[in-house]
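Engineer: just the structure for this:
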Amino acid sequence: MANSQIEVKQLRENSKRFTLESIKSFSRGAAYDCWLPPTRSVARTRLPQNTVTRQVTNPFTLKFLPPENQALKWKDGITCKNQHKNGTFVYAENVHGCFDLSCLQSMLKLNSAKSIKNAVQKEIKCREASEENCSVPGKNKNHQSFEQWKAKVEEVERYSFIKTTGMKGTVPYYQCNTGRVYKLKGTGIRQLKSQGTFKIQRNCTATLKATTTEDGKITVDLCLTHYGHQQDLQHTWLPKQKKEEMAALIQQGVSKVKILGDIRENRMQGGAFKHYHLTDMKDLSNISRAFQWFGGQVQRSENDQESVRAWIQEWQESGNNPVLFYKLQGEQAQEDLDLLQEDFFIVIQIPFQKAMAQKFASKGVCIDSTHGTTG
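Structural biologist: This next block holds a predicted model:
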């Protein structure tokens, strides 16, 4: 079986000191929202003077460092304003590969927001990986392998990569699902949920770009450097693969208590703690509704009565029908029955109940109803 072809270029935070070569490798490609409001007037901006440089470790700063020619342009513009005559504040590389962090932040504020958005790091550290033994034949084999690989990445990162726009040719673009703005549509009467919205009111720097070539090869440009949020469990989603696995168990008739017990047992065996281990009964109910599983059977219709009607008809066609009598809402009852038109009535007797009734209830059955007798 042919191996799928997926090349991954992974961009992470800089683990080494910056060099002049690393600065020159920056591009001005993608655009992201900037957390620093632009200050268009140099005269109204005060730049702090620092005699000792500090190494840049902030993920945002590493992501939005400008190219060298743009940095020198900023340097000349600021120096001409005589903000600091000795020039110790300027953006410059020293022999140790360090930068003045506070100066860099100030110059980012001086530049226009559009230029800051475009000053995106192209590559700091790369690695190549491949997914092998793809089991899906035909043209979709690489796509299927890519989806499986993407699911593994999302499980490790605890966040999903979603498409914000439609397919552009053969290049889909994904971004971190937290990187969106919460737009208030109501009047403000209803409060947000206690844990707040997962949207961080700006774009996260974590992105994924998958390019499919003519020969079916998939090349992935991946940046896993998140900015503006933490890995909070209350804002993470269950992976789609996990939902499908639990839906399959529910379809097979495995009880929800058994499923939750297996999840807790899996957590006790060690390994990294994930949102999957926090699955509760409400999550399983939501999965059942999303996949339209009802009691281990496919839900026939979104309308409950139509679903019950279809279920009864299927049993009537079988050789072991447990439905002895039924009346649905809106139907007229038989004259000898004291039932209203809006009543719903169904009698079900499974073979075991029938055997017990024949053995112990030959003279009759006493039914005691106490519903609604207490206040």
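
Engineer: against which helices or strands is the helix of greatest length in the chain packed?
Structural biologist: When the chain is scanned for its longest helix (criterion: DSSP state H), the result is helix 141-157. Packing partners of helix 141-157 (3 or more CB pairs under 8 Å, 6 or more residues apart in numbering; DSSP states H and E): strand 6-11, strand 161-162, strand 207-212, strand 218-223, helix 240-251. All C-beta atoms are positioned from the backbone trio N, CA, C, and that covers glycine.

Engineer: given the fourth one, what are its sheet partners and their directions?
Structural biologist: For strand 218-223, the paired strands and their directions (DSSP bridges) are strand 6-11 (parallel), strand 207-212 (antiparallel).

Engineer: mean pLDDT lowest for which of the ones you listed?
Structural biologist: Among these, strand 6-11 carries the lowest mean pLDDT, at a mean of 46.

Engineer: any low-confidence regions in the stretch 151-300 of the chain?
Structural biologist: Scanning the stretch 151-300 of the chain for pLDDT under 70 picks out the ranges 167-170, 180-203, 205, 225-236, 271-272, 275, 292-300.

Engineer: ok, now with 50
Structural biologist: Scanning the stretch 151-300 of the chain for pLDDT under 50 picks out 294-296.

Engineer: which parts of it are strands?
Structural biologist: Applying DSSP state E, counting those that start in this stretch to the stretch 151-300 of the chain gives strands spanning 161-162, 173-176, 207-212, 218-223, 293-294, 297-298.

Engineer: mind putting those into CSV with distance to residue 280 and mean neighbour count?
Structural biologist: Listed next are those as CSV, based on distance: least, CB to CB, whole Å; neighbours: other CB atoms under 10 Å:
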stretch, distance to residue 280, mean neighbour count
strand 161-162, 24, 18
strand 173-176, 25, 21
strand 207-212, 30, 19
strand 218-223, 32, 20
strand 293-294, 17, 18
strand 297-298, 23, 13
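
Engineer: export those as JSON lines, with columns for distance to residue 249.
Structural biologist: Shown next, in JSON lines, are the strands of the stretch 151-300 of the chain (distance: least, CB to CB, whole Å):
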{"stretch": "strand 161-162", "distance to residue 249": "26"}
{"stretch": "strand 173-176", "distance to residue 249": "29"}
{"stretch": "strand 207-212", "distance to residue 249": "30"}
{"stretch": "strand 218-223", "distance to residue 249": "31"}
{"stretch": "strand 293-294", "distance to residue 249": "10"}
{"stretch": "strand 297-298", "distance to residue 249": "14"}
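
Engineer: so for residue 345, which of those sits nearest?
Structural biologist: strand 293-294 (20.4 Å; CB to CB).
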